[in-house]
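Trainee: Predicted coordinates and the sequence they were generated for:
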Amino acid sequence: MDISLQQVGYSYALGTPFEKRALKEVNASIKSGSYTAVIGHTGSGKSTLLLHLNGLLKPSEGTVRIGDVNITASTKAKELKEIRKHVGIVFQFPEHQLFEETVEKDIMFGPMNFGVPAEEAKRRAHELIKLLGLPEDVAQKSPFDLSGGQMRRVAIAGVLAFKPSILILDEPTAGLDPRGRKEIMELFNKLHEEEGLTTILVTHSMEDAARYADQILVMHEGRSVMAGTPADVFSDAERLKTFRLGLPRSVAFQRDFEKLIGQPLDKLALTEEQLAFEIAAALKDGER
Amino acid sequence: MKEILSLDHVSYTYESEEGEPRKAVDEVSFTVWEGEWIAIVGHNGSGKSTLAKLMIGLLFPENGKLNVFLEELNVDNLWDIRSRIGIVFQNPDNQFVGSTVQDDVAFALENNGVPYDQMVPRVHESLAQVNMEGFLDHEPHHLSGGQKQRVAIAGALAMRPKLLILDEATSMLDPQGRDEVIKVVDELKRTTGLTVISITHDLEEVLLADKVIVMNDGKMMMSGKPEAIFAHGDELEAIGLDLPFASRLSRFLREEGIAIQGEHTTEEELVNELWTFHCNK
Ligand SMILES: Nc1ncnc2c1ncn2[C@@H]1O[C@H](COP(=O)(O)OP(=O)(O)OP(=O)(O)O)[C@@H](O)[C@H]1O
Ligand SMILES: Nc1ncnc2c1ncn2[C@@H]1O[C@H](COP(=O)(O)OP(=O)(O)OP(=O)(O)O)[C@@H](O)[C@H]1O
Ligand SMILES: [Mg+2]
Ligand SMILES: [Mg+2]
């Protein structure tokens, strides 16, 4: 399902003295099967944007199109239900999506809600507990009696359990330990590729945006201000700086190294591995 | 040197209805001295937040001894000791009590008897320290993730604590915001002798600490200076941790056949070594 946003505006507490315009004239186009990273400073509107992509919020102005469904300010709640079957969202704070008595029930909720038989839902829950690196004995624990990173893993499992075709991730690795971070980002990427998911990732990690995304969308003060491939976006350090964003560590290091040797490397290094390769090539080049 | 906190063989087990209860904190001992910045790292579920809860008496050790400001925590001294500790929990939503940002930050001050005429400037000052002075009348629960974390940090700073405990307090800040907050805390540490205990998964932040405590499955596995800890790359990886960027890049460079000699934890050191390579080729 393709997703597009046309001139989307959103105000919290519309028409009250506390009205807060969080999105302004946002435009974006997300192709089915693509991997989009949304980056931006604190409060730039990223989470608000995501909540429009599964109909949790309706735009105050403009149109959000998901597949063949148009969502505008006047769309009825009923029409949004169908969309939610296809869209899985991992919220910024895992506590906001955990609610069942036990971890097992929590993960089973999504699939059962969409008609998957209990037995199959249970099987998936146990598979996901393992896949997400949770200790096996958490199944019967309350999701609120877990550590922060364990809760995060349960929240992710609950979303993957109903096999959405659009996967929306709001800083899904905050609170995960380094190995969990790497493994779970790789898991998302594997599902993205194997199941042809449309993936939308909000992240403060420029490194993850550079490594995984096909497209980067930059938000600034409620507006979509830049969109392009990671190589394009991270080539323009000056412009990113005006949005109070920096470069991935690998690109920043590359720039320092280039200054040192007085010449540019062949390619912009979007990952550490690639950076090591390019630096090695440059250092060996002169030997011959 | 003045002792701020000490744990002597401290253990804690959460009660559980079924299954074998496991120790969340298992015989942990260490001492924190005045003015130190301590980083606590460890895999998810290794007991870090439980340690933080023990330090402020939200939980009590099942055995072992825990002293804060040289006193063993008990129900009588708990409030007095807590008034000298600032803590930021992992989920800021769990600690908001006020209906506006400024009320929230003022709440703890009021509870600790700070007079009104001092309270207002302190609230403004600490919100300014985290760049949230523009949100005084906003409702804390209706902020963005990073804004919530900033307000929670302001609330802890407003107390002018002797000891600041941060439980992944910057996990949702953008990189620039994270650097800003760390700078503010570091400045307080240098100017006022603030002691900082920071629980974090951010390995670059760990490099700034005076001392690192590595938790694994409830036990303290190692402690020492960051450089010494990061020299144990393989062991850290085995327990779910990792190395900072410069160390990782050094490894990849070696795999590419570049014979990096030293162990570099910062970009600056690594660039310097690459410079010698470049000159010698
Ligand atoms: N429920 C709400 N009511 C009123 N204002 C809100 C609400 N949620 C967010 N806002 C405001 O809308 C703006 C955008 O918030 P949003 O949560 O989309 O930011 P974000 O880019 O996700 O930030 P972060 O990186 O900190 O999570 C912020 O200024 C925020 O204070
Ligand atoms: N309220 C609770 N009831 C029962 N068990 C708990 C509770 N809170 C934590 N635990 C368990 O205690 C262990 C230690 O949890 P703790 O929250 O201290 O970990 P942590 O190191 O802070 O992890 P994280 O990095 O994920 O935040 C974990 O196995 C966790 O499941
Ligand atoms: Mg957000
Ligand atoms: Mg924790």
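Mentor: Looks like it arrived, so ask away. Ligands and ions are numbered 1, 2, ... in the order given.
Trainee: For ligand 2, what's the nearest residue on chain A?
Mentor: Using Cβ to the nearest ligand atom, the single residue of chain A nearest to ligand 2 is residue A:149, 2.7 Å away. Yep, even glycine has a C-beta here, placed from its N, CA and C like the rest.
Trainee: quick one: contacts for the residue most central in space within chain B?
Mentor: Note on chain B: the residue nearest the mean C-alpha position is residue B:198, at 1.2 Å, using Cα atoms, centre = their mean. Contacts were defined as Cβ atoms under 8 Å, 6 or more residues apart in numbering or on different chains; by that measure residue B:198 touches B:37-40, B:165-166, B:169, B:205, B:209.
Trainee: can you tell me if the helix or strand that contains residue B:246 touches chain A.
Mentor: Element membership of residue B:246, judged by DSSP states H and E, is helix B:245-255. Yes. Remark: helix B:245-255 sits within contact range of chain A at B:245, B:248-249, B:252-253, B:255, by Cβ under 8 Å from any Cβ of the partner chain.
Trainee: Could you tell me which residues within that helix count as buried?
Mentor: Within helix B:245-255, the residues that qualify as buried are B:245-250, B:252-253, counting by 16 or more other Cβ atoms under 10 Å in any protein chain shown.
Trainee: ok so, going back, please tabulate the residues of helix B:245-255 next to chain A in JSON lines and include pLDDT and distance to residue A:265 as additional columns.
Mentor: Rendered in JSON lines, the data for the residues of helix B:245-255 next to chain A read as follows (pLDDT from 0 to 100; distance: Cβ to Cβ, whole Å):
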{"residue": "B:245", "pLDDT": "95", "distance to residue A:265": "17"}
{"residue": "B:248", "pLDDT": "95", "distance to residue A:265": "18"}
{"residue": "B:249", "pLDDT": "96", "distance to residue A:265": "14"}
{"residue": "B:252", "pLDDT": "96", "distance to residue A:265": "15"}
{"residue": "B:253", "pLDDT": "96", "distance to residue A:265": "14"}
{"residue": "B:255", "pLDDT": "95", "distance to residue A:265": "18"}
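Trainee: Okay, and the beta partners of the residue nearest to the centre of chain B?
Mentor: Taking DSSP bridges, one finds residue B:39, residue B:166 as the beta-bridge partners of residue B:198.
Trainee: before we move on, the earlier item: narrow the contacts of residue B:198 to just the buried residues.
Mentor: Buried residues within those, defined by neighbour count using 16+ other Cβ under 10 Å: B:37-40, B:165-166, B:169, B:205, B:209.
Trainee: what does chain A put close to ligand 4?
Mentor: Taking Cβ under 5 Å from the ion, the part of chain A that reaches ligand 4 is made up of A:147-148.
Trainee: residue contacts, residue B:16?
Mentor: Listed by Cβ under 8 Å, 6+ apart, the contact partners of residue B:16 are A:141, A:145.
Trainee: What ranges does the stretch 151-281 of chain B have for its helices?
Mentor: When assigned using DSSP state H, counting those that start in this stretch, the helices of the stretch 151-281 of chain B occupy the ranges B:175-192, B:203-206, B:226-230, B:233-238, B:245-255, B:267-280.
Trainee: which stretches of the stretch 151-288 of chain A have low pLDDT?
Mentor: When residues are selected by pLDDT under 70, those of the stretch 151-288 of chain A lie in A:286-288.
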